[in-house]
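Asks: just to be clear, the model below is a prediction. Sequence and coordinates:
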Amino acid sequence: MQDAHEPAISVSNLVKRFGDFEAVKGVSFEVGAAEVFGFLGPNGAGKSTTINMLCTLLKPSSGQATVAGHDVVLERDDVRRNIGLVFQDPTLDGYLTAAQNLKLHAELYGVPNNLVAPRMEQVLRMVGLWDRKDGQVMMFSGGMRRRLEIARGLMHSPRVLFLDEPTIGLDPQTRRSIWTYIRELQEREEITIFMTTHYMDEAEWCDRIAIMDKGEIVALDSPQKLKAGVGADRVSIQTDDDEAAIEALRERFGIEARISEGAVTFGVEGGEQFVPRLFAEFDPSRNPGSPAIRGVSVSRPTLDDVFMSFTGSTIRDAEEDPAKHRNRVMMQMMGGGARR
Amino acid sequence: MTTVAQKPAEPYEVVRVQVPKRSLNSELRAIKIVWRRELIRFVNDRMRIVTSLVQPFLFLFVLGGGLQQLASAGTHGVDLKTFIYPGILCMTVMFTAMFSAASIVWDREFGFLREMMVAPVRRSSIVIGKCLGGATVAAFQGVIVLAIAGLVHVPYSVGLILGALGLQLLLAFAITAFGLAVAIRIKQMQSFMGVMQMIVMPMYFISGAMFPAQGLPTWLTVLNRVDPLAYAVDPMRRLVFSHLNISPIARHVLDPGLSWWGWQMPALLEAAVVLVLGLGLLVVAIWEFSRTE
């Protein structure tokens, strides 16, 4: 048994290769007991591969990891008894009722008989499904199923709960309510929660986040500190000639801008004060041939900007198919040309 | 912070669970719950109970009744339906057992298989539970067909019913094990059904369920003797015929038994062949299941 100060998860130099492709390139980190820890990154960054190694579903190519004090390779069973899993894809039996699904889980995990019923009541109440316990899962909505999966993952009182994209495909309201359950759960059960997401706004709910890109952890800290680290405000402008605007920004202000989500985007100190200077410089009467600005927005740094500052693109850009991206740029160029 | 969708947390008490170390007891619990799941699903799925009875009844009453006119000379006064009844008892069990095995392909498609794969129990417990579940469900289906024995002039007797039930359980177990060994390798339902049709239908026809396994062309005799199903059909027929009151000549023609170079195999040995095959296939299924990630 471990004491409270020992980390719930400890990973060093974990590597996973699939043939020639290195999906996870030697990551190291620790997650403290009763912490909510988020893994953030675009699809294909290696989040799921890492989580699968920690859950003993995949064997690491090299490196070491312990979960709840047990080695994920050498003490697979001990790890499994101490973790709860909620997968990205549903794994409920739709033909069974909610209670039958939980009962099945309890039996598979060897929950003592006298505790099955009270524990079931607790976890079902916790996710607000107690009154639906005898409903067939087939009839449940997506959000209800996800909540039931979370409840099931908790049936055997795991020390660490792994959630792989727990809110994917759910509407914003349901996503928020799931997060409320997760936070409450963490307080009541003193459980460590390790989760992956690619929704930036959700990462704000975590105590600490690790940003993963192309198989590596590029940043790891609390969301507040990460945002503070970016410092500058984020300005994005819509112009009728993005390339010329980027060129002009570089020449006149020494600012490196890039196109992100269809707008020319850059970071600058004191964003609001910068806007009048920008318009002055881009005024066609002063600087003929300047690209016309059609819109400006200034925002405080968000996790999107943190992500961008570490990886050079926003998470949505990183997820886009390169071909699609190319098409969009082409269309913008053509559209811009026609308007002029 | 609060939105409409957010339910206020219901009051509840925190119940802590300490999961014990893996033991024989925990494996038995796992087997039991996997077995029970098969039963619950079967009982909930009334459509399946009905559909899996259509084929046996079609064979028995339509084919048996229809061909009776042509076959009356050869059956020496025995109703053709009575003759093929033992084969139908086997058939019911076979198809139901196959469907049970197919559920592992469903489980994979719907993700539930993963829930079982990550549990801290042996994979063999899951396979054994599935196999026993499939056998139980199939035998239950077999009871329904047993219940109509009177319609085809087969007497209801305790010895016959218990014996037939035992044979059905055995056959269902073997077929489920076989189905599982195949199903674990197959990722899609369509391909599984295709493969099973390709293997099971020929096996059924060759087994002698619909004709006496004697005086056949050589090639068919050879195939018949190597068909494992023949070793389940034959004892079933002997059991049923031992309870019929028919002429010796009809018995000789219709219930010749399986023989190897003139040596008549005892029914118990035939049943033992099915049992050994079933166990062997179970081992194969467990081995395959343990290998997959």
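Replies: Cool, the structure landed.
Asks: how many neighbouring residues does B:Ser259 have?
Replies: By the criterion of other Cβ atoms under 10 Å in any protein chain shown, B:Ser259 has 13 neighbours. Every residue, glycine included, has its C-beta placed from N, CA and C.
Asks: ok, it touching B:Glu270?
Replies: No: counting by Cβ atoms under 8 Å, B:Glu270 is not a contact partner of B:Ser259; they are 11.2 Å apart.
Asks: just want the most central residue of chain A.
Replies: Of all residues in chain A, the one closest to the mean position by Cα atoms, centre = their mean is A:Thr197, 2.3 Å from it.
Asks: for that one, give me phi and psi.
Replies: Backbone torsions of A:Thr197, given as degrees, to the nearest 10, read phi -160, psi 160.
Asks: also B:Gln264?
Replies: Torsion angles, degrees, to the nearest 10, at B:Gln264: phi -80, psi 120.
Asks: which residue is the nearest non-sequential neighbour of it?
Replies: Leaving aside its chain neighbours, B:Gln264 sits nearest to B:Gly257 (5.2 Å; criterion: Cβ to Cβ, 6 or more residues apart in numbering or on different chains).
Asks: likewise for A:Asp77?
Replies: A:Asp77's closest residue in space is B:Pro120 (Cβ to Cβ, 6+ apart), at 4.8 Å.
Asks: could I get the full set of strands for the stretch 1-150 of chain A?
Replies: A:9-18, A:21-31, A:36-40, A:62-67, A:70-71, A:83-86 (DSSP state E, counting those that start in this stretch).
Asks: just checking, A:Trp137 touches A:Arg146?
Replies: Not quite, residue A:137 is Val, not Trp. No: counting by Cβ under 8 Å, A:Val137 does not reach A:Arg146; the two are 11.5 Å apart.
Asks: circling back: burial of the residue nearest to A:Asp77, as a residue count?
Replies: For B:Pro120, the number of neighbouring residues by other Cβ under 10 Å comes to 22.
Asks: helix/strand/coil for it?
Replies: Here B:Pro120 is coil, with the state taken from DSSP: H, G, I helix; E, B strand; the rest coil.
Asks: got the contact list for stretch A:177-189?
Replies: A:34, A:36, A:126-128, A:143, A:146-147, A:150, A:154, A:157, A:161, A:163, A:166-167, A:170, A:191, A:193, A:195, A:202, A:205, B:3, B:5-7, B:9, B:14 (Cβ atoms under 8 Å, 6 or more residues apart in numbering or on different chains).
Asks: return the residues in contact with the nearest residue to A:Asp171 once chain neighbours are set aside.
Replies: In space, A:Asp171 comes closest to A:Gly143 once its chain neighbours are excluded; the distance is 7.5 Å by Cβ to Cβ, 6+ apart. A:Gly143 is in contact with A:170-171, A:174, A:177-178, counting by Cβ under 8 Å, 6+ apart.
Asks: where does the prediction get shaky in the stretch 151-293 of chain B?
Replies: The model of the stretch 151-293 of chain B has pLDDT under 70 over residues B:293.
Asks: just the strands in it please.
Replies: B:259-260, B:263-264.
Asks: can you tell me which of those is packed in deepest?
Replies: Most buried of these by mean neighbour count (mean count of other Cβ atoms under 10 Å in any protein chain shown) is strand B:259-260; its value is a mean of 10.
Asks: what's the pLDDT at residue 3?
Replies: No chain in the question, so chain A it is. Note on A:Asp3: pLDDT of 50.
Asks: nope, chain B
Replies: According to the prediction, B:Thr3 has pLDDT 40.
Asks: interface residues of the stretch 1-150 of chain A facing chain B?
Replies: A:55-58, A:77, A:80-82, A:85, A:87, A:89-96, A:100, A:103-105, A:107-112, A:115, A:118-119, A:121-122, A:125-126, A:128, A:130 (Cβ under 8 Å from any Cβ of the partner chain).
Asks: cutoff 7 Å now
Replies: By Cβ under 7 Å from any Cβ of the partner chain, the residues of the stretch 1-150 of chain A that approach chain B are A:55, A:57, A:77, A:80-81, A:85, A:87, A:89-96, A:100, A:104, A:107-111, A:115, A:118-119, A:121-122, A:125-126, A:128, A:130.
Asks: quick one: the helices in the stretch 101-250 of chain B, in order.
Replies: Under the criterion DSSP state H, counting those that start in this stretch, helices of the stretch 101-250 of chain B are mapped to B:112-117, B:123-147, B:158-183, B:189-206, B:218-226, B:230-242, B:248-254.
Asks: taking helix B:230-242 as reference, get the angle to the third one.
Replies: For helix B:158-183 against helix B:230-242, the angle between stretch directions is 160 degrees (axes from the mean of the first three to the mean of the last three Cα atoms, to 10 degrees).
Asks: what comes up buried for helix B:158-183?
Replies: B:160, B:163-165, B:167-183 (16 or more other Cβ atoms under 10 Å in any protein chain shown).
Asks: next one: the second one
Replies: Residues of helix B:123-147 classed as buried: B:123-142, B:145-146 (neighbour count, 16+ other Cβ under 10 Å).
Asks: still on that earlier bit, who has more neighbours, A:Val137 and A:Arg146?
Replies: A:Arg146 (25 against 20).
Asks: quick one: residues contacting the more buried one.
Replies: Applying Cβ atoms under 7 Å, 6 or more residues apart in numbering or on different chains, we find A:Arg146 in contact with A:166, A:170, A:178.
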